[in-house]
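[1] Based on what follows, work out the 3D shape:
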Amino acid sequence: MISKFCKIIVLLIFSTHVFSQQGYELLMTSLRTGDTEIFATNPVTGDTRNISRSPLSEDRYPAVSADGQKILFTSNRGKDEKVFEIYMTDPAGNKVEQITSLNDVCYFPSFSADGKTVVFGIGNTSEAGVLDMESRRLKRIPDVRDPNVSPDGKAIVFTRKVKSGFAVFTMDINGGNIKQITLHESELGGVGPVFSPDGSKITFSDDERGKEVAEIYTVNIDGSNLTRLTQLGWVSNSACYSPDGQWISFRVTNDAFWRDTERREAAYKNKEGEKRPVWIMKEDGSEVKIIQPLRFQCGIDGSRAVWRKIETQ
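    The predicted structure follows:
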């Protein structure tokens, strides 16, 4: 009797675990066409569709508006292969609009909850771009990496090199009121901080004191209650919350290949699609698991697996 009861409980827990993901799809870079493209994948059924549909180009760093109707991504289509501008499209990928012309490497775009502000990183100059979507006016803020806009559009979380590594900071959307949130300096890089959907927490990646190991952490926006969420012993980064704040997706690799020029160039040239699969966990770090439909053929860039809420029947 006890054995049967335990089995029923396990089945109920598993059913709840699966059902809670059925209202979402994950937008992620994939190598399944031979080029890096943006695909939307159902994490339960594995159903997938190509959103970017741009052969012979590299499309990266998807982001989704709060209402799920606008999708941002970066692409080098029609450009020098080292120039990535930001594009916007609809969930079907039918209406594509280029929204930046910076002749630079744009990355990690993010929407404010009202969709009026887009913040992104500008790679070659290490700046944040703050774009007003109504006027299309752009403000550039120096010495900023991995920026992410708060849901209310009033703040940015980002990283900055301090001494030997990178720490997490916040600032107002205009670049003022800069505050250092974390004290440990990550030598591994790839910190990628993001706000939680309610704006109360910041989730980021931090290395394990000089080792080529990084775990996902969370901290309150005032720097209190620093908590490690993962204990995988690999390199975990590129965290992203589901819109309800219940789940976190992230990328995992056993090789910080971006730290070495030869390893990085070989990884991209060989399109090593098993190198950075997508994992998910509950927001408290429990129920950690790999997403099987996104285990292979994932792009090897630092893109987040972004949650988009979908209609369920």
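[2] just for the stretch 1-150 of the chain, where's the confidence low?
    Counting by pLDDT under 70, the stretch 1-150 of the chain shows low-confidence ranges at 1-21.
[3] Let me see the ranges of the helices in it.
    Under the criterion DSSP state H, counting those that start in this stretch, the stretch 1-150 of the chain contains helices at 2-19.
[4] what about the strands in it?
    24-30, 37-41, 48-50, 59-64, 71-75, 85-89, 97-98, 106-111, 117-122, 127-132, 138-142, 145-149 (DSSP state E, counting those that start in this stretch).
[5] okay if I get the ones you listed as TSV plus distance to residue 239 and mean neighbour count?
    To be clear about C-beta, it is placed using only N, CA and C from the backbone, and glycine gets the same treatment. Listed next are the strands of the stretch 1-150 of the chain as TSV, based on distance: least, C-beta to C-beta, whole Å; neighbours: other C-beta atoms under 10 Å:
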stretch	distance to residue 239	mean neighbour count
strand 24-30	13	26
strand 37-41	18	25
strand 48-50	22	16
strand 59-64	14	25
strand 71-75	18	26
strand 85-89	21	21
strand 97-98	28	12
strand 106-111	12	24
strand 117-122	16	25
strand 127-132	19	20
strand 138-142	22	15
strand 145-149	10	25
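[6] Need the ones you listed in a markdown table (columns: distance to residue 193).
    Formatted as a markdown table, these follow (distance: least, C-beta to C-beta, whole Å):
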| stretch | distance to residue 193 |
| --- | --- |
| strand 24-30 | 19 |
| strand 37-41 | 22 |
| strand 48-50 | 28 |
| strand 59-64 | 15 |
| strand 71-75 | 18 |
| strand 85-89 | 19 |
| strand 97-98 | 27 |
| strand 106-111 | 10 |
| strand 117-122 | 12 |
| strand 127-132 | 12 |
| strand 138-142 | 15 |
| strand 145-149 | 6 |
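[7] which one of the ones you listed lies closest to residue 220?
    strand 145-149 (15.8 Å; C-beta to C-beta).
[8] Now do the nearest residue to residue 95 once chain neighbours are set aside against residue 271, distance only.
    Spatial nearest neighbour of residue 95, excluding adjacent residues (C-beta to C-beta, 6 or more residues apart in numbering): residue 89 at 5.9 Å. Residue 89 sits 24 Å away from residue 271, going by C-beta to C-beta, to the nearest Å.
[9] swap in residue 177?
    Counting by C-beta to C-beta - residue 177 and residue 271 are separated by 43 Å.
[10] Which one of those two is surrounded by more residues?
    Using other C-beta atoms under 10 Å as the criterion, residue 177 and residue 271 rank with residue 271 on top: 14 against 10.
[11] residue contacts, the more buried one?
    31, 34, 300 (C-beta atoms under 8 Å, 6 or more residues apart in numbering).
[12] out of those residues, which are buried?
    Among these, those buried by neighbour count (16 or more other C-beta atoms under 10 Å) are 31, 300.
[13] could the contacts of residue 271 go into JSON lines alongside distance to residue 194?
    Shown next, in JSON lines, are the contacts of residue 271 (distance: C-beta to C-beta, whole Å):
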{"residue": "31", "distance to residue 194": "24"}
{"residue": "34", "distance to residue 194": "30"}
{"residue": "300", "distance to residue 194": "20"}
